[in-house]
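Student: Turn this into a model:
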Amino acid sequence: MQDILTGNFAAHRWTLFPVPAMRVVNWNIERGLRLPEIIDFLGSQNADLLILQEVDLNARRTRRLNIAEEIACRLGMNYVFGREFEELTQGSRTSPAYHGQATLSRWRLVNPRVIRFRRQSNFWRPRWFLPRTEPFQERLGGRIALVAEVEGARRNLTVYNLHLESRGNHDIRLAQMEEVLEDAARQQSPTLVAGDLNFDASTSCTQGSGFRSALGLPSPHTTPARGLFQRQRTIDWAFVSGPVEATLGHVHTDVRASDHYPISFTIRFS
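Tutor: Predicted coordinates for the structure are as follows:
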């Protein structure tokens, strides 16, 4: 589960000067179930960096594709993929299925690693009395942050790709976020923390950490209403620290290829 998959599909780029800016899209793509629509939208954004959550690998529901590699190949990007869970209802003993996070870039991605959070919910673990069928979503593993550095012509950006816990109490999510901020505080390069946080981070979770919202506050909702009793939520976020400025923040509420809306912004280096 700690193994990281990588693939390189970006053309080599000869650049004499440091990269002045990077366009970024962050999106929970809901396993990649609507892959053609997802690729169409991502391709339309001409982004330098994609930060994706809920990305399937060898799952029956997504035709056993490596979703990260399909997107990277089609868009001409490099990728790293970290396994969050083994999906027990989507694979087999001889051909396991996973989902996790993928970070894609037109630039080199180096030093990838996974932070598997110390605090986890036990909601997903298999139980003997539950049938191994899809509605119960039995899983092995736990929530992670996928960390990688983007090398952009003498200008590096450290990227934390997060998917925080959706079950359990709010303290678990805050503890997972704190673990990320503690790790990020040791970075020397400009840093980006983005992902599906499963809570509204417009409160003070990054206060005193040096991180600023990449979208500006207040942010519009990032998920549609899900049924009669579930309202819209603002749970997908991005924060930057260091000598960078985030501009042109936008939530793409017209995109329906997932149960989350994509968010986009541009990072400009000082």
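Student: can we go C-alpha only for contacts and neighbour counts from here?
Tutor: Noted.
Student: So Q176 sits against R119, correct?
Tutor: Yes: contact criterion CA atoms under 8 Å: Q176 and R119 qualify, at 6.7 Å.
Student: Comparing the two, which shows the higher neighbour count?
Tutor: Between Q176 and R119, Q176 has the larger neighbour count (other CA atoms under 10 Å), namely 24 against 16.
Student: Report the mean confidence score over the host helix or strand of the more buried one.
Tutor: Here Q176 sits within helix 170-184, counting by DSSP states H and E. For helix 170-184, mean pLDDT rounds to 95.
Student: Could you tell me the angle between the helix or strand following that helix and helix 170-184?
Tutor: Next helix or strand after helix 170-184 toward the C-terminus (DSSP H and E): strand 191-196. Calculated by axes from the mean of the first three to the mean of the last three CA atoms, to 10 degrees, strand 191-196 forms an angle of 150 degrees with helix 170-184.
Student: just checking, what packs against the helix or strand harbouring E86?
Tutor: Following DSSP H and E, the helix or strand that holds E86 is strand 78-87. For strand 78-87, the elements it packs on are strand 4-8, helix 67-75, strand 98-105, strand 108-116, strand 139-141, strand 144-151, judged by 3 or more CA pairs under 8 Å, 6 or more residues apart in numbering; DSSP states H and E.
Student: one more time with 7 Å, if that's ok
Tutor: strand 4-8, strand 98-105, strand 139-141 (3 or more CA pairs under 7 Å, 6 or more residues apart in numbering; DSSP states H and E).
Student: Which of those comes out lowest on mean pLDDT?
Tutor: strand 139-141 (a mean of 90).
Student: Pull the distance from it to the chain's centre.
Tutor: Strand 139-141 has its C-alpha centroid displaced from the chain centroid by 18 Å (CA atoms, centre = their mean, to the nearest Å).
Student: List of residues touching it?
Tutor: With contact meaning CA atoms under 7 Å, 6 or more residues apart in numbering, strand 139-141 is reached by E84, F85, E86, E87, L88, W124, R125, P126.
Student: In PyMOL, how would I select just the buried ones from those?
Tutor: Those of the contacts of strand 139-141 that count as buried under 16 or more other CA atoms under 10 Å are selected in PyMOL with:
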select buried, resi 84+85+86+87+88+124+126
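Student: between the contacts of strand 139-141, which is closest to A59?
Tutor: Nearest to A59 among those is E87, at 7.7 Å by CA to CA.
Student: Who does the closest one form a beta bridge with?
Tutor: R139 (DSSP bridges).
Student: residues in contact with it?
Tutor: A97, Y98, E138, R139, L140.
Student: I'd like the contacts of strand 139-141 laid out as a markdown table, including pLDDT and distance to V193.
Tutor: Listed next are those as a markdown table, based on pLDDT from 0 to 100; distance: CA to CA, whole Å:
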| residue | pLDDT | distance to V193 |
| --- | --- | --- |
| E84 | 96 | 17 |
| F85 | 95 | 21 |
| E86 | 94 | 24 |
| E87 | 93 | 26 |
| L88 | 91 | 29 |
| W124 | 68 | 25 |
| R125 | 74 | 27 |
| P126 | 70 | 31 |
